[in-house]
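# Model the following, please.
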Amino acid sequence: MTRQKDTLAVLFADVSDSTRLYENMGDTAAFTQVRECLQILNEAAQHFNGRVVKTIGDGAMCVFSSANDTAHAAIEMQDRIDLRPPSPGRSKLTIRIGFHYGAVLREGDDVFGDTVNVAARMSGLAVPGQILMTASTVEMLSAELRQKTRRLDALAVKGKAQAIDIQELQWQDSDSATLVPGRNSGFAHLTEPRLRLICQGRELEYRMTMTIGRDPGHDIVILDKMASRNHARIEKRLDKFALIDQSANGTYVTISGRDEIVLRREELILYGSGKIAFGESSRRQADVTLIEFHYESPEERLASGK
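Prediction:
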C-alpha cells in the first residue's frame, strides 16, 4: 500500500486511571463506561471535521486537517466528559488529551511518523482533565484560541535534540489555575511541585526524573530479590510526578487512606503521602524495602510559604 505525505493534527485522548476504574467497578461496568467515553470522543471528532483513526484500549487516536478544529474538538471532548454524572459511589471519569500539528505519512486510513509520536507524548504528559499541545501547534491556532493557551514548561522528548515547549489549552474558565514558574519571580521556587522520598533512612527531594532498581547505577537501589534490575522510574510531568513500573513482578503503591494499587507495566500519578514496595506487597512480606513519598503541589507550597 502506498504511503503519502500529508500535514495533519494528531490527537490522543485517554481515559485517566482506567486500571483503577476496572479494579473498582469490575470488567463489565468499567468497559461500559469506557465504551461510552470513546463514543463521545468519536462524536466530538466528527463534529469538527475529524475522524478516529483507531481506538487503543481505553483511548482514541484522531486526526484533523486543522489545528483549530482539533482544539475545538478537544474542548468539546473535555466538556462532554465533564458533564457526565459519576456512577453511584464512584468518582467522575476524566480524560487527558494531547495533540500536535505537523507532517505525517498516510497509509490507507492510518497515519505514522514523528507528529504521531509527539502527540502521544503530549497526551502522556497531561494530567486528568487537561489538554496539552506543542508551542508550534499553538502558532497554527486562531487569535481567539491562542488567548486560551499558556506555556507550562519545556521538556525533553525522546528522539528530539532540543526540548519542546509544552502549552496548555484552558477549556474551563477558572481562577484556580496553577501558577507557572517565571510569572512571578518572588514566588518562582514555590510554584514548583516537590516530591520527598525516604528510603532506608535516606531522604531525597526530587524534581525531575529518577530511576529505581537492583542495578547499582540507579538513583535508588533496591536490594530485594523480587525487585527487577531496572524496576521503575519517577518522572516529573509539569506539576505532577508519575511513577512508571517497568518490572517483572510489579510495583505496589499505598496512598494514605486508600487501598493498595498494583502497577504492572503501568503508571500512576503520585499524590498526598504513601509507601511504595517493589516486586512484593508489604502486606504479604513484612521485610520488603519501602519508599515513603510525600508530594506537595504548587498550591500547597504557596499556601505554606515553604
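
# so who does Lys275 touch?
253-254, 282, 290-293 (CB atoms under 8 Å, 6 or more residues apart in numbering). For glycine as for every other residue, the C-beta is placed from the backbone atoms N, C-alpha and C.

# So Lys92 is in contact with Leu83, correct?
No - shown here, Lys92 and Leu83 do not form a contact pair, counting by CB atoms under 8 Å, at 9.9 Å.

# shaky segments in the chain?
1, 17-19, 21, 87-91, 154-163, 173-191, 206-208, 301-306 (pLDDT under 70).

# May I see the buried residues of the helix ranked longest in it?
Ordering each helix of the chain by length in residues (DSSP state H) puts helix 27-47 first. For helix 27-47, the buried set under the neighbour-count rule, 16 or more other CB atoms under 10 Å, comprises 30, 33-34, 37-38, 40-42, 44-45.

# Can you list the residue ranges for helices in the stretch 101-250 of the chain?
Applying DSSP state H, counting those that start in this stretch to the stretch 101-250 of the chain gives helices spanning 114-125, 135-138, 143-146.

# Give me whichever of those is most buried.
With neighbours defined as mean count of other CB atoms under 10 Å, the helices of the stretch 101-250 of the chain peak in mean count at helix 114-125, which reaches a mean of 22.

# If you count surrounding residues, which of Lys92 and Leu83 has more?
Lys92 (14 against 9; other CB atoms under 10 Å).

# which SS class is the nearest residue to the more buried one once chain neighbours are set aside?
Distances taken as CB to CB, 6 or more residues apart in numbering place Pro86 nearest to Lys92, at 4.4 Å, with adjacent residues excluded. Secondary structure, DSSP: H, G, I helix; E, B strand; the rest coil: Pro86 is coil.

# I figured Pro86 hits Thr94, correct?
No - counting by CB under 8 Å, Pro86 does not reach Thr94; the two are 10.2 Å apart.

# ok, the two, which is more surrounded?
Neighbours were counted for Pro86 and for Thr94 using other CB under 10 Å; Thr94 has more, 18 against 10.

# Check the gap between that one and Glu76 for me.
Thr94 is 15 Å from Glu76, where distance means CB to CB, to the nearest Å.

# what do you get for Leu141?
For Leu141, the distance to Glu76 - CB to CB - is 15 Å.

# Gly201 too?
51 Å.

# Same question for stretch 44-58: list its buried residues.
Of the residues in stretch 44-58, 44-45, 48, 50, 52-53, 58 count as buried by neighbour count, 16+ other CB under 10 Å.

# TSV for those residues, including distance to Lys148?
TSV is the format used below for the buried residues of stretch 44-58 (distance: CB to CB, whole Å):
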residue	distance to Lys148
Ala44	17
Ala45	19
Phe48	15
Gly50	19
Val52	24
Val53	26
Asp58	27
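
# So between Leu141 and Glu76, which is more surrounded?
Leu141 (22 against 18).

# ok, which stretches of the stretch 201-306 of the chain are strands?
202-206, 209-213, 220-221, 232-237, 240-245, 251-255, 261-263, 267-269, 273-278, 290-296 (DSSP state E, counting those that start in this stretch).

# For these, please prepare a markdown table with the additional fields distance to Ala13.
Shown next, in a markdown table, are those (distance: least, CB to CB, whole Å):
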| stretch | distance to Ala13 |
| --- | --- |
| strand 202-206 | 29 |
| strand 209-213 | 25 |
| strand 220-221 | 33 |
| strand 232-237 | 17 |
| strand 240-245 | 18 |
| strand 251-255 | 25 |
| strand 261-263 | 22 |
| strand 267-269 | 17 |
| strand 273-278 | 28 |
| strand 290-296 | 26 |
